[in-house]
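Visitor: quick one: sequence and predicted model below, then my questions.
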Amino acid sequence: FRPFFLLAVIYAVVVMVLWLAVRHGGHFYGLNYYGINLWHAHELVFGYGLAVIAGFLLTAIKNWTGVPTASHGRLKFLVLLWFLGRVIVMIPKVPFVFIAVADVSFAFILIYFVAQPLVKVGNKRNYMMIVLVSLFATLNVLTHSMLLAGQYSIALQMTTAALFLMLLLIGVMAGRVFPMFSQNGVDVKYKARIFPVVEKLWPPVMIAFVVTINWFRMTTWGEWLLLGLSVLSAVLHAVRLWGWYDHQVWQKPLVWVLQVGYGFFVLGFVATALSVFLPVMYYLALHVFTVGCLAMVTLGMMARVSFGHTGRNLHKPPKILFWAFLCLVLSALVRVLLPLIGVIPYQAVIDLSGGFWFLAFGSFFVSYAGIWLRPRVDGQPG
């Protein structure tokens, strides 16, 4: 997790600065290939998001199986592939096919490092992680294939599908760890409630939602199906969150950040349901899902995993975390609510939201860089 979390946080800052610069007339070579909006979406998903997922899975799978994942030279090679996919778009006159190959290589190598320990010990319960990473790789290949074929809208559709697949993964991992993190992360331990019927229902509903919003949203029957699936998803995930909640979570930033992030997940479905009647809500819903849920949950998970897996006391995290998390909440609220109110120009909304994003990830980096770069405080390996 160390190099991937470190680079993901740095990249979250860099990519936001670049995005704001582009919105004010800036340009770099990669935009000739991706286009402005697709580059923005692609780098959130396959740049930042997949780096966080790689760091989390490589750490978790080692714990699940007892078998080492990527380390030393293999880990450096994997990190280098990710890095190459980010910087090659900045190099002038690089053939577009080289950009595509460099970017998709990372996910395919990651599949091996995820699958090898799971298959070795026959950990079938987690084979789903192999499937999910394989789907990320496939969707990235399809994104680049469509770009090279000049089918920009389909390429954007593939990246959006990957975003919702990432949200599906968040739903899976949240069910596994959020109840434990919540009840163990407060001063007086409580019993988080889990509802078996909800746990069985939400995955197929979510899969149907992903298929519908990506491929059938523009059809008449697809709109009404999307409405039903959005409302049902909002209810199911709200029930999950209610079961995990206890009033004590507000005393612990490492706990409330995850629950607030999941709350944005619920609100994303609500906004999607409203988009059936108000089409402008579709794009706002995407930012509820991305800035509110994806960014907040990944930032919270990086904060907790980094602190716990370096031997530190989870009950005494850096005080700056509260302000980092709060800035990210404000970034999401500004990006979603102010366009509806219309009190300031749209570009000012993006600038203000981006500024809060910069403060969130920038302060998090300042607080955690030393944790990632130094050995565990308890002297243990890892």
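Guide: All right, it came through fine.
Visitor: neighbours of the nearest residue to Trp323 once chain neighbours are set aside, how many?
Guide: Nearest residue to Trp323, sequence neighbours excluded (Cβ to Cβ, 6 or more residues apart in numbering): Ser363, at 6.3 Å. C-betas here are computed from N, CA, C, even on glycine. Using other Cβ atoms under 10 Å, Ser363 has 17 neighbouring residues.
Visitor: Ser363 is in what secondary structure piece?
Guide: Taking DSSP states H and E as the definition, Ser363 sits inside helix 346-373.
Visitor: quick one: mean pLDDT over that helix.
Guide: Helix 346-373 shows a mean pLDDT of 93.
Visitor: buried sites along that helix?
Guide: 349-350, 352-365, 367-368, 371-372 (16 or more other Cβ atoms under 10 Å).
Visitor: wait, Met90 touches Leu31, no?
Guide: No: Met90 lies out of contact with Leu31 (Cβ atoms under 8 Å); the separation is 10.3 Å.
Visitor: the two: who's more crowded?
Guide: Leu31 (16 against 11).
Visitor: Three-state assignment for Val188, please.
Guide: Three-state assignment for Val188 (DSSP: H, G, I helix; E, B strand; the rest coil): coil.
Visitor: check contacts around it.
Guide: Contact analysis of Val188 by Cβ atoms under 8 Å, 6 or more residues apart in numbering lists Gln248.
Visitor: Gln248 versus that one, what's the distance?
Guide: If you measure Val188 against Gln248 using Cβ to Cβ, to the nearest Å, the figure is 6 Å.
Visitor: do the same with Tyr29
Guide: Taking Cβ to Cβ, one finds Tyr29 at 50 Å from Gln248.
Visitor: likewise His237?
Guide: Distance, His237 to Gln248, using Cβ to Cβ: 21 Å.
Visitor: what does Ala271 give?
Guide: 29 Å.
Visitor: over to Ile36?
Guide: 44 Å.
Visitor: what of Phe1?
Guide: Counting by Cβ to Cβ, the separation of Phe1 from Gln248 is 27 Å.
Visitor: okay, those two: which has more neighbours?
Guide: The neighbour comparison of Phe1 against Gln248 (other Cβ under 10 Å) goes to Phe1, with 22 against 17.
Visitor: residues touching the more buried one, list them.
Guide: Applying Cβ under 8 Å, 6+ apart to Phe1 gives the contacts Gly55, Phe56, Leu58, Thr59, Met302, Val305, Ser306, His309.
Visitor: so who does Leu373 touch?
Guide: Taking Cβ under 8 Å, 6+ apart, we find Leu373 in contact with Arg2, Leu6.
Visitor: so Thr159 sits right up against Leu38, yeah?
Guide: Yes: Thr159 lies in contact with Leu38 (Cβ under 8 Å); the separation is 6.5 Å.
Visitor: who has more neighbours out of these two?
Guide: Per other Cβ under 10 Å, whichever of Thr159 and Leu38 has more neighbours is Thr159, with 25 against 21.
Visitor: check which helix or strand covers that one.
Guide: According to DSSP H and E, Thr159 maps onto helix 152-184.
Visitor: and that helix, how far out from the chain's middle?
Guide: How far helix 152-184 lies from its chain's middle: 7 Å, per Cα atoms, centre = their mean, to the nearest Å.
Visitor: and it, average pLDDT?
Guide: What helix 152-184 shows for mean pLDDT is 91.
Visitor: which SSE is immediately downstream of that helix?
Guide: Later in the chain than helix 152-184, the nearest helix or strand by DSSP H and E is helix 196-215.
Visitor: mind listing what's buried in the helix or strand following that following helix?
Guide: With elements assigned by DSSP H and E, the helix or strand that comes after helix 196-215 is helix 220-244. For helix 220-244, burial by neighbour count (16+ other Cβ under 10 Å) applies to 222-223, 225-227, 229-230, 232-241, 243-244.
Visitor: may I have stretch 39-47 exported as PDB, CA atoms only?
Guide: Below are the C-alpha coordinates for stretch 39-47, written out as PDB (Å, rounded to 0.1, in the frame of the first residue of the first chain):
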ATOM      1  CA  TRP A  39      -9.200  12.500 -19.600                       C
ATOM      2  CA  HIS A  40     -10.800  14.000 -16.400                       C
ATOM      3  CA  ALA A  41     -13.000  10.900 -15.900                       C
ATOM      4  CA  HIS A  42     -10.400   8.300 -17.000                       C
ATOM      5  CA  GLU A  43      -7.700   9.600 -14.600                       C
ATOM      6  CA  LEU A  44     -10.000   9.600 -11.700                       C
ATOM      7  CA  VAL A  45     -11.000   6.000 -12.400                       C
ATOM      8  CA  PHE A  46      -8.000   4.300 -13.900                       C
ATOM      9  CA  GLY A  47      -5.300   6.700 -12.500                       C
END
